[in-house]
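Engineer: I'd like to go over a predicted model; first the sequence, then the structure.
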Amino acid sequence: MASTGHSVSTTAVIVGPRKQLAVKGDDMRVVVVGGGIGGLALAAGLRRRGFEVTAFDRDSDVTATGGYHITLDERAQSALRKLVAPAIMERLLASASALRLRDRDAFWDRRGRLLGHGPDLSSDSGVDIDRITLRTLLAEAVGDDLHLGRTVTGVGRDEDGAPQVLFTGAAPVRADLVVGADGAHSLVARHLAGGPTNSPAGIIGFSGRTRLGDLSPREQRRLGPRSALAAGPRATALYIGFLDPVGNAVLDAPKLRMSVTTGPTYVWGGMFRESAVTDALRDLRGGELQAALVDRFRERGWAEHTLEVIARAAPHSVAAFRFNAASTRAADLAPWPAGPITALGDAVHATPPTAGMGAGAAIRDAAGLLEHLCEAADGATTLTLAVSRFEANMRRRGSEILTLAMKTVRLILATDTPLGAAATAATTPLLAAAVRLRRRH
């Protein structure tokens, strides 16, 4: 799990192209609803390819988003290079933390005993970046065509049958293609599917940020410059992600750096099975939520020192959110015929953060759609066929990341059965002892 922020509650409209582009002889206008990572990435790509782009977002500030981090693997970075100018990529890399410069990831039990390590990261090209930083860079790539403080209320057809987007307090915008990039609670995808495209995954997540220097020397040594996952019985888990875009910068260019994280920081995510008790914690905020979360872990038998990372977090950074997930079956994703309205990202394949690939997949969706739209604009294919090909690729991509994410979710939930709890409590001390024995030898 690498990305512990929430699905951004935003709306956006993107209208293009700047030049009159023909699709089998017809002019084309594209409207995108959603101003999160996927929507802004698509807007930036359309603008860069010469499309006229106007973006409207319900947020009044692009930094009004979860201050957590996003992992971009090489596939996501390659897609992003097709969407934004090299100068934007250079600033992103100067503001990102390199996975290859971290120690190997660790696995702990609820007592803080080491159970094992992840793979060698020395050749990993992946990066971690603050969600705020990434969204700010993408908004900059969209430029003056991004208009904030606007709300989309619906999508549909006008009297001529053309797709249109409806706004609060503004005239509808007509298009030839509407793309929903409006997150797990997508208005557009719900319109297409006739209902929700995902459901609760059974876990409530709690996240926050803690500076390494605010921890005790013991915990600083134990956690180290690496990410980690700790698990316990009864569906409790704690992910701790290490982010240091200064000391572990991908590109050592201080003048280009714009990360909101300015020193070694742990971005953590606590997990519990969804229940009336844990769901009630979502109504708490800041320090009150932080204290209740520590108490909840204590009740589950977690050692006091393992909870330092939560107890010493910046109170304003602590937040709660539900894990939502779409089906892992490709055939269930985007369950509508290809046409002049489509969707991408979490609107189609809402993914729990346990795979750390949700935002990267949305960026890859945006690059894929842009490629097919350019083919349609060049007359190489029809718009409907372009959308059909895009959706087919997106279904496969979404199924892949959902399968990985749900594997971890199911393992966590399995520890809440009588057998699973007993097995977890019994095996973790044995694993820890085996690790200690190997280290001695």
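Structural biologist: Yes, it's here.
Engineer: hey, let's count contacts and neighbours off CA atoms from now on
Structural biologist: Will do.
Engineer: Surely V155 and P172 touch.
Structural biologist: No - counting by C-alpha atoms under 8 Å, P172 is not a contact partner of V155; they are 9.1 Å apart.
Engineer: Residues in contact with both of these two, list them for me.
Structural biologist: By the contact definition C-alpha atoms under 8 Å, 6 or more residues apart in numbering, V155 and P172 are jointly contacted by 164-166.
Engineer: so can I have JSON lines of these showing pLDDT and neighbour count?
Structural biologist: Below are the shared contacts of V155 and P172 laid out as JSON lines (pLDDT from 0 to 100; neighbours: other C-alpha atoms under 10 Å):
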{"residue": "Q164", "pLDDT": "93", "neighbour count": "20"}
{"residue": "V165", "pLDDT": "89", "neighbour count": "22"}
{"residue": "L166", "pLDDT": "92", "neighbour count": "18"}
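Engineer: Mark which of the residues you listed are part of strands, please.
Structural biologist: Those of those mapping onto strands are 164-166, per DSSP state E.
Engineer: okay if I get those residues as a markdown table plus distance to R222?
Structural biologist: Formatted as a markdown table, these follow (distance: C-alpha to C-alpha, whole Å):
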| residue | distance to R222 |
| --- | --- |
| Q164 | 55 |
| V165 | 52 |
| L166 | 53 |
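Engineer: okay, V155 and P172: which has more neighbours?
Structural biologist: V155 (23 against 17; other C-alpha atoms under 10 Å).
Engineer: The more buried one falls within a strand, correct?
Structural biologist: Yes - according to DSSP: H, G, I helix; E, B strand; the rest coil, V155 belongs to a strand.
Engineer: Can you tell me the closest non-neighbouring residue to it?
Structural biologist: Nearest residue to V155, sequence neighbours excluded (C-alpha to C-alpha, 6 or more residues apart in numbering): V165, at 4.5 Å.
Engineer: Over to S123?
Structural biologist: Looking at S123 with C-alpha to C-alpha, 6+ apart, the closest residue is R100, at 6.0 Å.
Engineer: I figured the one you found was touching D124, is that so?
Structural biologist: Yes - contact criterion C-alpha under 8 Å: R100 and D124 qualify, at 5.2 Å.
Engineer: Compare neighbour counts for those two and give me the winner.
Structural biologist: R100 (17 against 14).
Engineer: State the phi and psi torsions of that one.
Structural biologist: Main-chain dihedrals, R100, degrees, to the nearest 10: phi -70, psi -20.
Engineer: Could you do T151 as well?
Structural biologist: Torsion angles at T151 (phi, psi; degrees, to the nearest 10) stand at phi -120, psi 130.
Engineer: isn't it right next to A170, touching?
Structural biologist: No - with contact defined as C-alpha under 8 Å, T151 does not reach A170; the gap is 9.2 Å.
Engineer: In terms of neighbours, single out the busier of the two.
Structural biologist: Remark: of T151 and A170, T151 carries more neighbours, 21 against 10, as counted by other C-alpha under 10 Å.
Engineer: And the residue nearest to the more buried one when sequence neighbours are not counted, how far from D73?
Structural biologist: Spatial nearest neighbour of T151, chain neighbours left out: R58 (4.8 Å); criterion: C-alpha to C-alpha, 6+ apart. In this view, R58 and D73 are 29 Å apart by C-alpha to C-alpha, to the nearest Å.
Engineer: and what of T153?
Structural biologist: 34 Å.
Engineer: which helices and strands sit right next to the helix ranked longest in the chain?
Structural biologist: The longest helix of the chain (DSSP state H) is helix 383-414. In terms of contacts (3 or more C-alpha pairs under 8 Å, 6 or more residues apart in numbering; DSSP states H and E), helix 383-414 is packed against strand 199-211, helix 346-349, helix 358-377.
Engineer: Could you list the single helix or strand in this structure with the lowest mean pLDDT?
Structural biologist: Lowest by mean pLDDT, DSSP states H and E among the helices and strands of the chain is strand 22-23, with a mean of 42.
Engineer: Strands of the stretch 151-300 of the chain, start to end?
Structural biologist: 152-157, 163-167, 170-174, 177-180, 199-211, 228-232, 236-243, 265-273 (DSSP state E, counting those that start in this stretch).
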